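Student: Predicted model and sequence below, questions to follow.
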Protein chains: 2
Amino acid sequence: MQTYKAPLRDMRFVLQELHADFDTKGLPGLEDFTPDIADAILEEAAKFCTERLLPLNASGDEEGCRLENGVVRTPKGFPEAYRAFREGGWTAMGSDPAYGGQGLPAGINKLVEEMICSTNLSFGLYPGLSHGAYQAIQGHASEELKAAYLPKLVDGTWSGTMCLTEPHCGTDLGLLRTKAVPQGDGSYAITGSKIFISAGDHDLTENIIHLVLAKLPDAPKGVKGISLFLVPKFLPRADGTPGERNGVTCSALEHKMGIKASATCQMSFDDAKGWLVGEPHKGMRAMFTMMNSERLSVGIQGLGAGEAAYQGAVAYAKERLQGRSLVGAKRPDLAADPIIVHPDVRRMLMTIRAYNEGCRALGAWVARSLDVMERHPDPAERRRAEDFSALMTPIVKALFTDLGFESASIGMQVYGGHGFIRDHGMEQYVRDARISMIYEGTNGIQALDLVGRKLPAHAGRFLRSFFHPMLNALDEAIEDDDLAPLAQPLSKAFGALQLATAHIAQKGLKDPEEAGAAATEYLRLFGLVALGYMWLRSAKVAHTALRAGTDERDFYEAKLTTARFYMERILPQVAGLLAGVKAGKGAMMALDEAMF
Amino acid sequence: MQTYKAPLRDMRFVLQELHADFDTKGLPGLEDFTPDIADAILEEAAKFCTERLLPLNASGDEEGCRLENGVVRTPKGFPEAYRAFREGGWTAMGSDPAYGGQGLPAGINKLVEEMICSTNLSFGLYPGLSHGAYQAIQGHASEELKAAYLPKLVDGTWSGTMCLTEPHCGTDLGLLRTKAVPQGDGSYAITGSKIFISAGDHDLTENIIHLVLAKLPDAPKGVKGISLFLVPKFLPRADGTPGERNGVTCSALEHKMGIKASATCQMSFDDAKGWLVGEPHKGMRAMFTMMNSERLSVGIQGLGAGEAAYQGAVAYAKERLQGRSLVGAKRPDLAADPIIVHPDVRRMLMTIRAYNEGCRALGAWVARSLDVMERHPDPAERRRAEDFSALMTPIVKALFTDLGFESASIGMQVYGGHGFIRDHGMEQYVRDARISMIYEGTNGIQALDLVGRKLPAHAGRFLRSFFHPMLNALDEAIEDDDLAPLAQPLSKAFGALQLATAHIAQKGLKDPEEAGAAATEYLRLFGLVALGYMWLRSAKVAHTALRAGTDERDFYEAKLTTARFYMERILPQVAGLLAGVKAGKGAMMALDEAMF
């Protein structure tokens, strides 16, 4: 049985204590989201996720989706849960009030997303994709299209998809073949095949709005010749209700390792009627504007899996009796001690815990920067926030999903053989979490984005949005007796990050393969330092609370212990990563292709 | 489509070049296994695995096993493949000629096992478990039982199981509840429930011989009160044919993440007739004598998965066209370059390659030591080999399976989204490989075995069986201009291993939790150094061949490149691991149980 209790205390910690000093209070349009309101929203979300989504997680995985007479059926209970989700207003969370949205800040949204991903990742993909479509339309479509489609996407009666991948191209979209032919009436006829389309078809909504990348007849070659089109499953009538069936069908469902309750579709477009979103040949630009938010969301999926795995593993570690503590029986009244007494079990639990709380803190910081970037009255603040979110997006996406998968696997390991069988649901977390390392740009692509685009941008300006606050915090912490033991190893690790950055800047400029060869290790190094920074800041908040005589001593002391665990046992990995970065491309690229 | 070509060249390398200087030639009983014979066996095994087992791997996973009217049905094709396996003499490989076995050395056997695990891990478990049962009977049973059962297990007409785990106990077998009541006629009535029993029931053989751990009425508490019993599914008649049905049934099949074509059974023993194997209450000893070989075999499962993943990933990396090389198009004739041109793809392939070849070399060394330990005329040599295999067994088991799972996941990552769907078979490798980290003692238990039993044994004598040859090799290599660039980082890593060992010896003596807290990181550190040693020795062989003007320059140069990659990009992880070992148990054990 999968169990889950939303980590509300820790969510409040990151939202209202850890990041409270950042200049994001009182952003125009967010005045109403006081701590009380935020708490109420998170509590409601926790209730919904635990009561409605969690019970469908294992059964949805077991049953999967079916394609019946051209229509995709989601697993038992999904349509009802979706209706409740929609009626509860959850599809409208992050959307513009102008279209019926609730205008919640990303800072809160991403925490709700974490709960959804912990309790039912497959379910979460349906509204998740809709929101992606919403963003693309809102950012780039004509007022006419916006008026016709956004309210329906926001209230969840319609849903959306992103149709990018084709059988022969995913990462390299420049190769895509789907065609769009102008019909002279402002519409286009779209023809082509798409694969891996999440929520491509299903029975949750009365209409599905596909955002499709395709090429116009006069398109330049490569990624500069891609346009974005809106293609509804049913063409809306004048009154806004779904009318005639459009030429788009789900031709097959993909059979996958995990997220089996999410309908991953092969889609056929056969002279389907569509409308251009944004300018001709500028489809990739429209994609990129929504990418920071989407990639952050996929990172959050990793965190969601990690949190679910942690809770499952803790429950079992407290309950499973096996062996005795190495220093003498702790529970002589029982046949054996619970396995949580064993150091190696502690190592596993503490590792996941340190990952999760660190990622939650970092994710919340990046989410806040999205709000600042969108709303802050001061252009300099907006720009700084934009720099920061651009820099951190690939890190969050790749790091969180790598760690989430690792955490799911560790959580399963705590169960031993009972983790490998289906009964406890731990193996589902492993299978479900694995996809997040792949979609929305594989983690290798994230690393290339970091070293190839984000580092060199504006002569390193993005980097400063992270380095400056971190340096200031380190300088301050080194002088603080309580924090110095944490700040010292972190300072060393930050030095490794600076060396690695300099190395890539220097070598990568001359030879892009050198940057490519260092990319994955560099991203991980950066990510571990960033988590370390979050742990240092968390420890500072904890010390302050303890000094002030908090009545939640246990909570803050656990923060300090976990911070110390992180610095002692996770952060030291940076030494090996720096060595990898400095090794260069030599041995990596030397082998002739035929020798593999 | 899963593909596989046995890495015969590399197998010959480890068997006849890398370990040729070890004192294992001309062992009594192995005189016939000349290099030519070994080659012929490996080639035949490769043929069988590729032609018979590989085609059933994906279909077996898809179909799984079924329990029908109390009988387990294996997937389509499995009974026929097993018959061919048996008729080919493969069940008899490692068994004593006195019972119809072929008496092959472990050095060859384990390479054949690797091929079986690469092509069909689920299938391999059936004969694998039989061999475990064979070893327990051969080592401990009466002559009467041996004569009645061994020839049938050896020729494969009967198969075997190991029934250890019960619902409430796995790692801590002292808790087990299955009872054995003497019947006064030399037999015992066995009653109890066992779970996770691989090959517990199936339709491949006419009889199944269960080796069951149970407690006699007068059994002392805990692991010192466990006895081992032989319980056949059908009681043999006087003529040796299967007779009356015994009181043992498969009550259910486990539903698992992977190895779905392997029947993992819940078994009920209800006054089943059995016979004692070995002495009363000494069942654990009988288990332990076969454990080195069995745990090495599970380690080899990890390597098998890694090799399959490597080959699958390489095939795709050469074929999939996506993007252009960062230094300019390599295949301007094509729409895009094959992804093997990208450094990050190279990183993934080289990582798996370095793991696989390193593990194959180390596994072969440990396998040879099993042969020496069993057959060498000099007792000192036998003892040294026994020390070495005892020391390396937990390392091989845990390291190989950790790396095998990691490799399977990396191999899948090379495929991007195409790895997550079932079509290419990559996700099956991930699911199948995962179990090897758990069974035959979880990897955490292996680490405890290493620090708790193997390190302190005989005042560190086991350790010397590895440290001495490694130190000699390092001393020699440092003086060799060709090898020094590899020997230098390895020497540093070896220093880290020595420091970590000293730390554990000192702290762990006073407080066993300190040893437990360091165990997993220590095992990984040790394992990475051991692989590094294999790479140094491989490089030495390669340099010698190149100096001698070999006509296989490509092969040996690839060895040198991969050795360099290993030293530059994998081995540096030891720094972080040493820091973890030295951090001690403080932060790991500090948190109150209630705070998790």
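Tutor: Received the coordinates, thanks.
Student: got the phi/psi numbers for the closest residue to chain B within the stretch 101-250 of chain A?
Tutor: Nearest residue of the stretch 101-250 of chain A to chain B, counting by C-beta to the nearest C-beta: A:Asp172, 4.2 Å away. The C-beta positions use only the backbone N, C-alpha and C, and glycine is treated the same way. Per-residue torsions, A:Asp172: phi -100, psi 80 (degrees, to the nearest 10).
Student: Could you measure from it over to B:Arg324?
Tutor: 8 Å (C-beta to C-beta, to the nearest Å).
Student: now swap in A:Asp36 and tell me
Tutor: 54 Å.
Student: Parallel or antiparallel, list what pairs with the top strand by length along chain A.
Tutor: The longest strand of chain A (DSSP state E) is strand A:264-277. Its sheet considered, strand A:264-277 pairs with strand A:188-198 (antiparallel), strand A:227-232 (antiparallel), strand A:248-253 (antiparallel) by DSSP bridges.
Student: which of those strands sits most buried?
Tutor: Mean neighbours per residue, mean count of other C-beta atoms under 10 Å in any protein chain shown, is largest over the strands paired with strand A:264-277 for strand A:227-232, with a mean of 26.
Student: chain center to that strand, what's the gap?
Tutor: 25 Å (C-alpha atoms, centre = their mean, to the nearest Å).
Student: helix or strand right after that strand?
Tutor: Going down the chain from strand A:227-232, the next helix or strand is strand A:234-236, by DSSP states H and E.
Student: List the buried residues of that next one.
Tutor: Neighbour counts using 16 or more other C-beta atoms under 10 Å in any protein chain shown place A:234, A:236 of strand A:234-236 among the buried residues.
Student: Can you name every helix or strand that that strand contacts?
Tutor: strand A:242-245 (3 or more C-beta pairs under 8 Å, 6 or more residues apart in numbering or on different chains; DSSP states H and E).
Student: circling back: shared neighbours of A:Asp172 and B:Arg324, anything?
Tutor: B:Ala336 (C-beta atoms under 8 Å, 6 or more residues apart in numbering or on different chains).
Student: Next secondary structure after the longest strand of chain A?
Tutor: helix A:283-319.
Student: now for that following helix, which elements pack on it?
Tutor: helix A:106-140, strand A:207-214, strand A:227-232, helix A:343-375, helix A:379-414, helix A:426-434.
Student: Determine which stretch of those is the most buried.
Tutor: helix A:426-434 (a mean of 28).
Student: That one: how far from the chain's middle?
Tutor: So, by C-alpha atoms, centre = their mean, the centroid of helix A:426-434 is 16 Å from its chain's centroid.
Student: How about stretch A:271-290?
Tutor: 23 Å.
Student: Now do the same contact list for A:Trp275.
Tutor: A:141-142, A:145, A:186-188, A:229-230.
Student: Rounded mean pLDDT for stretch A:69-87, please.
Tutor: Mean pLDDT, computed over stretch A:69-87, is 97.
Student: Quick one: end-to-end length of that stretch, please.
Tutor: 29 Å (C-alpha to C-alpha, to the nearest Å).
Student: where are the low-confidence patches of the stretch 1-150 of chain A?
Tutor: Counting by pLDDT under 70, the low-confidence segments of the stretch 1-150 of chain A come to A:21-25.
Student: Which strand or helix spans the residue of it found nearest chain B?
Tutor: With C-beta to the nearest C-beta, the shortest gap between the stretch 1-150 of chain A and chain B falls at A:Glu62, namely 9.1 Å. Using DSSP H and E, A:Glu62 falls within helix A:57-63.
Student: residues of that helix that come out buried?
Tutor: Under the neighbour-count criterion of 16+ other C-beta under 10 Å, helix A:57-63 has A:57-58, A:60-61, A:63 buried.
Student: Just checking: what are the partner strands of the helix or strand that that helix is followed by?
Tutor: Sequence order places strand A:66-68 as the next helix or strand after helix A:57-63, per DSSP H and E. Partners of strand A:66-68 in the sheet, by DSSP bridges, are strand A:71-73 (antiparallel).
Student: Tell me which residues are up against the strand it pairs with.
Tutor: With C-beta under 8 Å, 6+ apart, strand A:71-73 has contacts from A:65-67, A:200-203, A:250, A:253, A:263, A:265.
Student: And it, how far out from the chain middle?
Tutor: 27 Å.
Student: Close to chain B: what parts of the stretch 351-500 of chain A are there?
Tutor: With C-beta under 8 Å from any C-beta of the partner chain as the criterion, the stretch 351-500 of chain A meets chain B at residues A:353, A:405, A:409, A:412-413, A:416-417, A:419-423, A:427, A:430-431, A:434-435, A:437-439, A:442-444, A:447-448.
Student: what comes up buried for the helix or strand A:Leu525 falls within?
Tutor: According to DSSP H and E, A:Leu525 maps onto helix A:512-547. Buried residues in helix A:512-547, counted by 16+ other C-beta under 10 Å: A:512-543, A:545-546.
Student: That one to helix A:379-414, inter-axis angle?
Tutor: 90 degrees (axes from the mean of the first three to the mean of the last three C-alpha atoms, to 10 degrees).
Student: For A:Leu27, grab the count of nearby residues.
Tutor: A:Leu27: 19 surrounding residues under other C-beta atoms under 10 Å in any protein chain shown.
Student: what sits against A:Lys221?
Tutor: By C-beta under 8 Å, 6+ apart, A:Lys221 lies in contact with A:Gly174.
Student: Mind giving me the packing neighbours of the helix holding A:Glu62?
Tutor: Counting by 3+ C-beta pairs under 8 Å, 6+ apart, helix A:57-63 packs on helix A:106-140, helix A:426-434.
Student: Distance check, A:Ile190 against A:Val231.
Tutor: Distance of A:Ile190 to A:Val231, given as C-beta to C-beta: 6 Å.
Student: between these two, what contacts are shared?
Tutor: What both A:Ile190 and A:Val231 touch, as defined by C-beta under 8 Å, 6+ apart, is the set A:212, A:248, A:269, A:272-274.
Student: how about TSV for those, with pLDDT added?
Tutor: Shown next, in TSV, are those (pLDDT from 0 to 100):
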residue	pLDDT
A:Val212	97
A:Val248	98
A:Phe269	98
A:Ala272	98
A:Lys273	98
A:Gly274	98
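Student: farthest pair in those residues?
Tutor: A:Val212 and A:Lys273 (11.4 Å; C-beta to C-beta).
Student: anything in contact with each of those two?
Tutor: A:190, A:231.
Student: what sits against the residue of the stretch 1-150 of chain A closest to chain B?
Tutor: Taking C-beta under 8 Å, 6+ apart, one finds A:75, A:422 in contact with A:Glu62.
Student: mind running it again at 6 Å?
Tutor: Contacts for A:Glu62 (C-beta atoms under 6 Å, 6 or more residues apart in numbering or on different chains) come out as none.
Student: Spatially nearest residue to A:Pro127 (excluding sequence neighbours)?
Tutor: Nearest in space to A:Pro127, with sequence neighbours left out and distances taken as C-beta to C-beta, 6 or more residues apart in numbering or on different chains, is A:Thr91 at 5.2 Å.
Student: So the one you found belongs to a strand, correct?
Tutor: No - going by DSSP: H, G, I helix; E, B strand; the rest coil, the assignment for A:Thr91 is helix, not a strand.
Student: Is it correct that it is in contact with A:Trp158?
Tutor: No - counting by C-beta atoms under 6 Å, A:Thr91 does not reach A:Trp158; the two are 9.8 Å apart.
Student: For these two, indicate the residue with more neighbours.
Tutor: A:Thr91 (27 against 24).
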